[in-house]
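Chemist: got a predicted model here, sequence first, then my questions.
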Amino acid sequence: MKPSHRLAVTALACGAAVVPFAGAISSATAKSGDAVANLQPVALNGVPGSGTAFVSVRGTRVDVTMQAGGLLADAPHAAHIHFGAQARHECPGAADDADGSGTLNTSEGAPAYGPVRVSLTKTGDTSPASALAVDRFDTAPGGHLAYQRGHIKVDQDVAKAIREGHAVIVIHGVDHNHDGAYDGATPSDLAPALPTEATDPALCGRVVPQN
Ligand SMILES: [Cu+2]
């Protein structure tokens, strides 16, 4: 196990101590290509959660270790690395609520974080084609998502974006009406067969280089 992974796992075990650990990685052991995303609730969507993702990029190979809490339990949570050259390279704000609905869907966040570039699936394909492969994403048992996957192949512009702090990690799935399931009359902007709750952005963090 590489030092960066060992540190990441240690930080996960420490729960609330993840942010100090990120600092420790920065000062003590960070190598070029290590980055951390501090995942926070997406504006307007009111998810009472947070998380941390550790990302290392070597060439076009990416390794990701991520944990988050406060998500809708036992429901699939799509998670992606987003990047768009024309995006703002940040998480969306209340001003991105283009339709004035009072919540942000995935499309409304796109000017901030860009399109899906990497699907953080647990198995199989990791391309944007798997953006909504709900059977291959973590289901957050008890509301806690734990994810680790190495050797994810990414496009060169995505690798560069991670190195430059222009990539954003988003975890999706918001139980707006707090009834314990993805439902409601509003269809998903991404897949009309799903309710918007299943795909709305829950937690978000810019991937910040640690060197
Ligand atoms: Cu996404």
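Modeler: That came in fine, so what should we check first? Numbers count the residues shown, from 1 in each chain.

Chemist: could you use CA atoms for every contact and neighbour count after this?
Modeler: Will do.

Chemist: Provide a list of residues in contact with whichever residue of the chain sits closest to the ion.
Modeler: The ion sits closest to residue 80 of the chain, with a gap of 4.3 Å, by Cα to the ion. Counting by Cα atoms under 8 Å, 6 or more residues apart in numbering, residue 80 touches 116-120, 131, 169-171.

Chemist: out of these, who's near the ion?
Modeler: Near the ion, taking Cα under 5 Å from the ion as the test, the members of the contacts of residue 80 found are residue 170.

Chemist: residue 205 and residue 50 touch, don't they?
Modeler: No - using Cα atoms under 8 Å, residue 205 makes no contact with residue 50, being 9.6 Å away.

Chemist: more crowded one of these two?
Modeler: More neighbours surround residue 205 than the other of residue 205 and residue 50, with 27 against 21 (other Cα atoms under 10 Å).

Chemist: quickly list what that one is bridged to.
Modeler: Listed by DSSP bridges, the beta-bridge partners for residue 205 are residue 169.

Chemist: show the pLDDT at it.
Modeler: Note on residue 205: pLDDT of 98.

Chemist: what residues are up against it?
Modeler: 37-40, 90-91, 168-170.

Chemist: ok, the host helix or strand of residue 111 near the ion or not?
Modeler: Assessed by DSSP states H and E, residue 111 sits inside helix 106-113. No - interface with the ion: helix 106-113 contributes nothing (Cα under 5 Å from the ion), its closest point being 7.1 Å away.
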